[in-house]
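Asks: return atomic coordinates for the entry below.
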Amino acid sequence: MKLEPAYVALGSNLNGPDRQVRAGIEELAMIADTRLSRVSSLYRSAPVGYRDQPDFTNAVARIETALTPRALLDALLAVEQRYGRVRDFPNAPRTLDLDIVLFGDSVVQEPGLTIPHPRMHERAFVLVPLAEIAADAIVPGRGRVSELLARIDSGGLTRMEFPEE
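Replies: Coordinates of the predicted model:
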């Protein structure tokens, strides 16, 4: 069974966001044919888009999986649903958000699934925790994570702590 590295961004701003993100990390470790290998610190960030909502807790995890990108997405959506994720409108508050930001060196454009994540290169709440665990990772079509991070303002992000093991 060949395992492909993938990176998943986690975020929450409802129902105990720190706890929700930690639970999401634990859930990643339980996905079939998948192994959790690294986790960033937790970060606090202001909301993007719709601003009238609480701040977010964010992290990025590295997994190794035998699943296809679509099967991994389906597993992540099932976790979100178990944690009460409701998609009222774009950028709405959420209990748990799990996004595939990178999947090996794959470029995927399918209905409901775009890899690399189409806005990750603009978002400090993805790039800062991703750089913490994979600064040399390459974002296909965009460049090295550390170089992308150097091009954006990451001042609005606060590092909180490493997740509990």
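Asks: so what's the residue count around the closest residue to residue 156 other than its chain neighbours?
Replies: In this structure, residue 156 finds its nearest non-sequential neighbour in residue 46, 5.4 Å apart by Cβ to Cβ, 6 or more residues apart in numbering. Using the backbone N, CA and C atoms, a C-beta is placed for each residue, glycine as well. If you count neighbours by other Cβ atoms under 10 Å, residue 46 ends up with 15.
Asks: tell me who's in contact with residue 46.
Replies: For residue 46, the contacting residues are 55-56, 156, by Cβ atoms under 8 Å, 6 or more residues apart in numbering.
Asks: where do the strands of the chain begin and end?
Replies: Here the chain has its strands, by DSSP state E, at 4-12, 34-39, 42-45, 56-65, 97-103, 108-110, 113-115, 138-139, 143-144, 158-161.
Asks: contact partners of the third one?
Replies: This points to strand 42-45. 18, 21-22, 55-59, 124-125, 128-129, 156-163.
Asks: ok, back up a step: so which of the contacts of residue 46 wins on neighbours?
Replies: In terms of neighbours by other Cβ under 10 Å, those top out with residue 56 at 23 neighbours.
Asks: that one bridge partners, please.
Replies: residue 45 (DSSP bridges).
Asks: if I look at it, how far off is residue 42?
Replies: Separation of residue 56 from residue 42 (Cβ to Cβ, to the nearest Å) stands at 10 Å.
Asks: need the CA coordinates for stretch 110-129. CSV is fine.
Replies: Output of stretch 110-129 as CSV, limited to C-alpha atoms (Å, rounded to 0.1, in the frame of the first residue of the first chain):
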residue,chain,number,x,y,z
GLU,A,110,-13.0,18.4,-10.0
PRO,A,111,-16.4,19.5,-8.8
GLY,A,112,-16.1,20.3,-5.1
LEU,A,113,-12.4,19.5,-5.0
THR,A,114,-9.5,21.7,-6.0
ILE,A,115,-5.9,20.8,-5.0
PRO,A,116,-3.8,22.7,-4.1
HIS,A,117,-6.4,24.7,-2.2
PRO,A,118,-7.1,27.7,-4.5
ARG,A,119,-6.6,30.4,-1.8
MET,A,120,-4.0,28.8,0.4
HIS,A,121,-1.1,31.0,-1.0
GLU,A,122,-3.0,34.1,0.2
ARG,A,123,-3.9,32.9,3.7
ALA,A,124,-1.5,33.3,6.7
PHE,A,125,-3.7,31.0,8.8
VAL,A,126,-2.7,28.2,6.3
LEU,A,127,0.8,29.1,5.4
VAL,A,128,2.2,29.9,8.9
PRO,A,129,1.2,26.5,10.4
